[in-house]
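Participant: using only what follows, build the 3D model:
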Amino acid sequence: MSAGFNPRRVAGVILRQYYLMRSSPTRVLPTFAWVAIDIVLWGFITRYLNSVGTPGMNFVPTLLGAVLMWDFFSRVMQGVTVAFFEDVWARNFLNIFATPLSIGEYVSGLVLTSVATSIVGLAVMLLLATGVFGFSFFSYGLLLIPFLLVLFLFGIALGILACAMVLRLGPASEWLVWPIPALLSPFAGVFYPLATLPPWMQWIGHLLPPSYVFEGMRAIVAGHGFSWASLIGGLVLAIAQIVAAAWCFAAVHRKAVRSGLLARYSAESVS
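Facilitator: Residues are numbered from 1 along each chain as shown. Sure, this is the predicted structure:
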């Protein structure tokens with residue numbers, strides 16, 4: 001493989017994903033469908049809670065905002081994993097890694113593909129939440145930028161780590177990837193403060209960068225003070241996890257090449 005980083009090869013990875021989506025509407029539909037269902041469902045739940053709750057209490061920025069941000073994180077993670085799974089399903093790894101494409105270029109292509117799909121998903125969520133339920137995403141002010149950045153970086157880190165897991169354990173392990181956002185949500189405090197959790201769950205929650213985002217979001221909505229230091233800590237944690245995930249993927253790939261795992265890659269799990 002070529003040691004140099006070539007943006008044209010990264011663009012080739014992105015272009016392949018574009019052609020796949022263009023040729024198959026069924027690949028594009030999940031980008032819109034699931035986020036739309038979540039926003040509509042939770043939008044009506046918040047509207048109901050506003051009607052039966054304390055006068056003056058608005059659940060839209062708290063609950064609907066949390067759903068929107070968590071869905072954004074999920075879209076980012078799945079943007080990486082689905083692009084990777086396309087090569088898994090097509091058994092295309094030997095073709096890809098027989099080219100001069102480096103691991104860094106391949107992962108960069110997956111990440112940039114995720115950027116594009118997650119932006120589209122975010123736009124759909126914003127249109128629905130704002131147009132139908134009156135949610136203002138900019139009520140968080142300038143903190144909106146670091147909030148989204150932390151969620152984006154953690155989604156990328158988790159997506160790369162999930163790809164490494166599937167590359168090591170085989171295609172059958174992809175079913176372990178889909179439930180990851182749901183499994184993490186109780187620990188991240190998406191809908192409630194971390195203080196609600198037992199101590200051992202709080203400890204795990206503090207290792208998850210999204211927990212700092214949702215704690216900060218609730219503090220802003222409640223009109224309380226917000227700790228920038230806490231959010232910066234979450235940002236640093238997300239960056240460190242991206243580095244660790246990239247190192248893990250590269251290590252798994254080296255092992256797969258040396259052991260001949262790529263050549264034996266099939267629809268069954270490998271040991």
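Participant: all helices for the chain, in order.
Facilitator: 7-23, 25-52, 65-89, 93-97, 103-133, 144-169, 180-188, 199-205, 209-221, 228-259 (DSSP state H).
Participant: select, out of these, the one closest to Asn58.
Facilitator: Using CB to CB as the criterion, the shortest distance between Asn58 and these is 6.3 Å, found for helix 25-52. (C-beta placed from N, C-alpha, C; glycine too.)
Participant: how long is stretch 163-174 end to end?
Facilitator: When the termini of stretch 163-174 are compared using CA to CA, to the nearest Å, they are 9 Å apart.
Participant: buried ones in it, by neighbour count?
Facilitator: Of the residues in stretch 163-174, those buried under the neighbour-count criterion (16 or more other CB atoms under 10 Å) are 163-168, 170-171, 173-174.
Participant: may I see those arranged in JSON lines, with pLDDT as well?
Facilitator: As requested, the buried residues of stretch 163-174 are arranged in JSON lines below (pLDDT from 0 to 100):
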{"residue": "Cys163", "pLDDT": "91"}
{"residue": "Ala164", "pLDDT": "92"}
{"residue": "Met165", "pLDDT": "91"}
{"residue": "Val166", "pLDDT": "88"}
{"residue": "Leu167", "pLDDT": "87"}
{"residue": "Arg168", "pLDDT": "86"}
{"residue": "Gly170", "pLDDT": "79"}
{"residue": "Pro171", "pLDDT": "78"}
{"residue": "Ser173", "pLDDT": "83"}
{"residue": "Glu174", "pLDDT": "83"}
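Participant: for those, work out which two are farthest apart.
Facilitator: Of all pairs in those, the most separated under CB to CB is Ala164 and Pro171 at 13.7 Å.
Participant: re the thing from before, just put the helices of the chain in CSV and tack on distance to Phe59.
Facilitator: What follows is the helices of the chain, written out as CSV (distance: least, CB to CB, whole Å):
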stretch, distance to Phe59
helix 7-23, 35
helix 25-52, 4
helix 65-89, 10
helix 93-97, 46
helix 103-133, 10
helix 144-169, 19
helix 180-188, 18
helix 199-205, 22
helix 209-221, 10
helix 228-259, 23
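Participant: worst average pLDDT in these?
Facilitator: Lowest mean pLDDT within these: helix 93-97, a mean of 75.
Participant: for Leu207, see how far away Gln241 is.
Facilitator: When distances are taken as CB to CB, to the nearest Å, Gln241 and Leu207 turn out to be 9 Å apart.
Participant: more neighbours: those two, which one.
Facilitator: The neighbour comparison of Gln241 against Leu207 (other CB atoms under 10 Å) goes to Gln241, with 20 against 10.
Participant: Met21 - how many residues pack around it?
Facilitator: By the criterion of other CB under 10 Å, Met21 has 18 neighbours.
Participant: hmm, it is touching Arg27, no?
Facilitator: Yes. Counting by CB atoms under 8 Å, Met21 does reach Arg27; the two are 4.9 Å apart.
Participant: just to revisit the earlier point, could you dump the buried residues of stretch 163-174 to JSON lines with distance to Asn58?
Facilitator: Written out in JSON lines, the entries for the buried residues of stretch 163-174 read as follows (distance: CB to CB, whole Å):
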{"residue": "Cys163", "distance to Asn58": "40"}
{"residue": "Ala164", "distance to Asn58": "42"}
{"residue": "Met165", "distance to Asn58": "40"}
{"residue": "Val166", "distance to Asn58": "42"}
{"residue": "Leu167", "distance to Asn58": "45"}
{"residue": "Arg168", "distance to Asn58": "46"}
{"residue": "Gly170", "distance to Asn58": "48"}
{"residue": "Pro171", "distance to Asn58": "46"}
{"residue": "Ser173", "distance to Asn58": "42"}
{"residue": "Glu174", "distance to Asn58": "40"}
